[in-house]
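> Okay, here's the prediction I keep looking at, along with the sequence it came from:
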Amino acid sequence: MALKNTKNDFYESVYQVVMLVPKGRVTTYGAIAKVIGTGLTSRMVGWAMNASHNQNAYVPAHRVVNRNGLLTGKHHFPIDNPMDKQLHEEGIIIVEDKVQDFKTLFWNPMNIMDTF
DNA sequence: AGCCTGACCTAGG
DNA sequence: TCCTAGGCCAGGC
């Protein structure tokens, strides 16, 4: 395992942000990407999520949706623990793979900076 | 080694 | 207001 790896750093940053997402809240790929890097790497965030399954740390990838609040990554979740089900467990209403009241439930990663 | 795709987003017409 | 195009990085073929 290479210690000096840019992608590893990027992935780690993504996990850090995602893990900070409060329960019952959701965030977007673009927001995460913007906090971490240029903001144009939103695609890589999803890729990092794909790799997050291999991580030992618990990464609430189900709290990450696209900018429309649509559960685009639902198909990538295990059948035992579907994305919508996990969100529903946290009190989030999902209708047709869409997060209801997404605007209110949206958690901006920039709040981390505000907290510091 | 080069081309295509992907859990996305923004901008321009 | 809807549709098209471009950009970013990494992985698979």
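Yes, it's here.

> Only the buried residues of stretch A:99-110, if you could.
Neighbour counts over stretch A:99-110 (16 or more other C-beta atoms under 10 Å) mark A:99, A:102, A:105-107, A:109 as buried. (Each C-beta comes from the backbone N, C-alpha and C, glycine too.)

> Dump those into TSV; add pLDDT as well.
Compiled in TSV, the buried residues of stretch A:99-110 are given as follows (pLDDT from 0 to 100):
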residue	pLDDT
A:V99	96
A:F102	94
A:L105	95
A:F106	95
A:W107	94
A:P109	92
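
> among the residues you listed, which are in reach of DNA strand B?
Among the buried residues of stretch A:99-110, no residue sits close to DNA strand B (C-beta under 7 Å from any atom of the strand).

> So which of the residues you listed is the closest to A:R25?
The nearest member of those to A:R25, counting by C-beta to C-beta, is A:W107 at 3.8 Å.

> Enumerate the residues of chain A near DNA strand B.
Contact residues, chain A versus DNA strand B (C-beta under 7 Å from any atom of the strand): A:28-30, A:33, A:39, A:42-47, A:49-50, A:52-53, A:61, A:64, A:66-68, A:72-73, A:76-77, A:83.

> what's the following helix or strand after the longest helix seen in chain A?
Among the segments of chain A that qualify as a helix by DSSP state H, the longest is helix A:6-19. Note on helix A:6-19: by DSSP states H and E, the next helix or strand toward the C-terminus is strand A:27-28.

> Report whether that next one contacts DNA strand C.
No - Strand A:27-28 stays out of contact with DNA strand C when judged by C-beta under 7 Å from any atom of the strand, the minimum separation being 12.9 Å.

> same for that strand, what does it pack against?
Contact analysis of strand A:27-28 by 3 or more C-beta pairs under 8 Å, 6 or more residues apart in numbering; DSSP states H and E lists strand A:64-65 as its packing neighbours.

> if I pick A:H62, what's in contact with it?
For A:H62, the contact set (C-beta atoms under 8 Å, 6 or more residues apart in numbering) comprises A:77, A:83, A:86-87.

> where are the low-confidence patches of chain A?
A:1-7, A:112-116 (pLDDT under 70).

> Where does it get nearest to DNA strand B, which residue?
Nearest residue of chain A to DNA strand B, counting by C-beta to the nearest atom of the strand: A:G73, 1.9 Å away.
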